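Engineer: let me see the structure of the following:
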Amino acid sequence: MSMEVANTIRKQIMGLSYWALGSWGAREYVGYPEGKYGKDGAYILGGLRFRVRTPRYPIGTIVMIYLMPDDTYTVRVCRVIGTKVTELYLSENVYFDMLVNVIDRAIENKETAKAYVR
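Structural biologist: Numbers count the residues shown, from 1 in each chain. A predicted model of the protein is given here:
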């Protein structure tokens, strides 16, 4: 089931913008199984994680997309350097047709990402 959800998310992104994943330098795709994730232990139905490389984030940036029980997505962008993990962006209640815009805003647009400080 986890690979099914991960492949569906990837296909939805490619359906919205065929070149989006390539323009973000997406690589190292990993599927998340159904279960509890995150600090708050939120229950997810599956998800997809991949590394990105953009001019703004040349190394250590990971995008995580979780399918929630209410059929929306939660998008998290984190920077991982060594053992230090820093959350850069979080967006909840994202519908599939918003995925490309939300991710692009998080990893490309400096103003939006600066507005989110955790």
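Engineer: which secondary structure element of this structure has the lowest mean pLDDT?
Structural biologist: Among the helices and strands of the chain, helix 110-115 carries the lowest confidence by mean pLDDT, DSSP states H and E, at a mean of 51.
Engineer: now for the longest strand that the chain contains, which elements pack on it?
Structural biologist: Criterion DSSP state E: the longest strand present in the chain is strand 84-94. Counting contacts by 3 or more CB pairs under 8 Å, 6 or more residues apart in numbering; DSSP states H and E, strand 84-94 is packed against strand 73-81, helix 99-108. Any C-beta I mention is one placed from the backbone N, CA and C, and that applies to glycine too.
Engineer: how about TSV for the ones you listed, with mean neighbour count added?
Structural biologist: Shown next, in TSV, are the helices and strands packed on strand 84-94 (neighbours: other CB atoms under 10 Å):
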stretch	mean neighbour count
strand 73-81	18
helix 99-108	19
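Engineer: relative to Gln12, which of these is closest?
Structural biologist: Checking those against Gln12 by CB to CB gives helix 99-108 as the closest, at 6.3 Å.
Engineer: coming back round to it: residues contacting the longest strand of the chain, please?
Structural biologist: Residues outside strand 84-94 that contact it (CB atoms under 8 Å, 6 or more residues apart in numbering): 61, 68, 70, 72-80, 102, 106-107, 113, 116, 118.
Engineer: strand partners (parallel or antiparallel) of it?
Structural biologist: strand 73-81 (antiparallel) (DSSP bridges).
Engineer: off-centre distance for the strand it pairs with?
Structural biologist: 6 Å (CA atoms, centre = their mean, to the nearest Å).
Engineer: got the CA coordinates for that strand in PDB?
Structural biologist: Provided in PDB are the C-alpha atoms of strand 73-81 (Å, rounded to 0.1, in the frame of the first residue of the first chain):
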ATOM      1  CA  TYR A  73      -1.700  16.200   2.100                       C
ATOM      2  CA  THR A  74       0.700  17.600   4.600                       C
ATOM      3  CA  VAL A  75       3.900  18.900   3.000                       C
ATOM      4  CA  ARG A  76       7.100  19.300   5.100                       C
ATOM      5  CA  VAL A  77      10.500  20.600   3.900                       C
ATOM      6  CA  CYS A  78      13.500  19.900   6.100                       C
ATOM      7  CA  ARG A  79      17.200  20.500   5.900                       C
ATOM      8  CA  VAL A  80      19.400  17.700   7.100                       C
ATOM      9  CA  ILE A  81      23.100  18.400   7.700                       C
END
